[in-house]
Structures are given as structure tokens and as C-alpha cells.
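> just to be clear, the model below is a prediction. Sequence and coordinates:
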Amino acid sequence: MLKRRIAIGTTLAWFFALVGCTQQALYQPAPLVVAEGEKGAETDYRIGPGDTLSITVWRNPELSISVPVRPDGKVTTPLVEDLPVEGKTSTEIARDVEAALSKYIQDPVVTVIVTNFVGAFDQQIRVIGEAAKPRTLPYRQNMTLLDVMIAVGGLTEFAAGNRATIIRRSENNQQFSVRLADLVNGGDLTADVPMRPGDVLIIPESLF
């Protein structure tokens, strides 16, 4: 009976080890550096639904307003209805508002400041699974995996951090493995990797 239990225990240990190795080997590790073609990529912040814009019209306080971007990607301001802003920079929006207001006032000067950040859909980073606070984050320049984990409060006690993966939508949904447990719990900074706009980080639950 004792030999049988030992044999069963050995078999189970071998099985879980095999499963773990197989899951680790499914995907190649996430790149440690940004691809050469992406180094010069535009990094200006792009407006998305849920952002809040502070629009100031110089010498016209009655036309100045703080307004949220609607789910349809538009805003409405005094004298300007349904202005499309999604995917644009604050500077581009300022020029659009100036063009619209020029029908009513002479030489308008407009400044647009983003006061609440969500970001365009394809610029967001999504964290799902066994994070302490799964959420959607706006991408920012030079953002890394460590930045993301700090923002979501780390891992839960049930997380299989070293089986986590990144789905990179900017590379045809290619999937990469990452070592979150080594990074977050072990402090291994070699496990830190650059994030890209649109990335989805999936953190699975531990098998046992």
C-alpha cells in the first residue's frame, strides 16, 4: 500500500511538472527590447471615450468648458456640437475647435488639456485574471510590465504568475510568456519587459 501511494504521488508530481513545462513552452518569452521598427513610433497621447477635456478659449470664458468624451468619441461645447475627438491629440482637437469657432468669433485661440486619462481603445492595456485589481490602463511612453503590475496591485495568492502571457494585438495577436512571479514576488528585474499599446496581460490561476 505504501509503495502504491509513493508511486501515485510520483506520477502526479511528474504529471503536474509536465503540464507546467508544456504551458511554459507554448509561447516564446516576451521581447526584452522594443522592436527596431517601433522605436520611432508615435507616442503622443490619443484621446478616447471616458477622457475628460478642459477646453479653454482665450478671452472667451463663456466658451470655455470641462467636458467628458462620450462613448461615441465626440464632445459638445458651447457653439460646437458633436465634435469628433477620439484618436486625436489635444493639439489636433484645439485646432478643430478653433476652426469651428471661427464661424462665430474672430481668430479664436484654444487650448485643450486632458484632465482624466482613459485613452483610445487601441492604446489601452488590459489586465485580466489573478491580479489584485484587474483593470484597463492607458498606455504611456516607456511603460513596462512592472509599471502595469504596480498599477493593478500585484498578484493574488492564487496566481500562477510564471504562466502569465501577453497577447500583443499590434503583432497580429501573437502571444508571449512572462515571468510575473519572478518579477513581482522574487524581485527579478530581468523578468521586466516593455509593454506596447493594446497589450492584454492574462494571469491564470494556479493549478494547485
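That came in fine, so what should we check first?

> roughly how far apart are the closest residue to residue 79 other than its chain neighbours and residue 183?
If you skip the residues right next to it in sequence, residue 79 has residue 104 as its closest partner in space, 5.5 Å away by C-beta to C-beta, 6 or more residues apart in numbering. To be clear about C-beta, it is placed using only N, CA and C from the backbone, and glycine gets the same treatment. When C-beta to C-beta, to the nearest Å is the yardstick, residue 104 and residue 183 sit 55 Å from each other.

> count of neighbours near residue 31?
For residue 31, the count of nearby residues is 15 (other C-beta atoms under 10 Å).

> quick check, pLDDT for the residue nearest to residue 79.
Residue 104 carries a pLDDT score of 95 in this model.

> just residue 31 next, same as before
Listed pLDDT for residue 31 reads 88.

> could you do residue 136 as well?
Per-residue confidence at residue 136 stands at 94 (pLDDT).

> who's in contact with it?
When the contact criterion is C-beta atoms under 8 Å, 6 or more residues apart in numbering, the partners of residue 136 are 118, 124, 125, 126, 127.

> residues near the residue nearest to residue 79, how many?
The local packing count at residue 104 equals 12, with neighbours defined by other C-beta under 10 Å.

> I figured residue 98 hits residue 108, correct?
Yes - the pair residue 98 / residue 108 is scored as a contact, 4.9 Å apart, by C-beta atoms under 8 Å.

> higher neighbour count, the two?
When residue 98 and residue 108 are compared for neighbours, residue 108 comes out ahead with 20 against 15, by other C-beta under 10 Å.

> ok, back up a step: roughly how far does the residue nearest to residue 79 sit from residue 88?
When C-beta to C-beta is the yardstick, residue 104 and residue 88 sit 22 Å from each other.

> walking through the protein, point out its strands one by one.
Ranges of strands within the chain are 52-57, 65-68, 74-77, 80-84, 110-116, 124-129, 136-138, 164-168, 174-178, 200-203, based on DSSP state E.

> as TSV, those strands with distance to residue 94 would be great.
Supplementary listing: these in TSV, determined by distance: least, C-beta to C-beta, whole Å:
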stretch	distance to residue 94
strand 52-57	8
strand 65-68	13
strand 74-77	12
strand 80-84	11
strand 110-116	4
strand 124-129	23
strand 136-138	20
strand 164-168	32
strand 174-178	37
strand 200-203	32
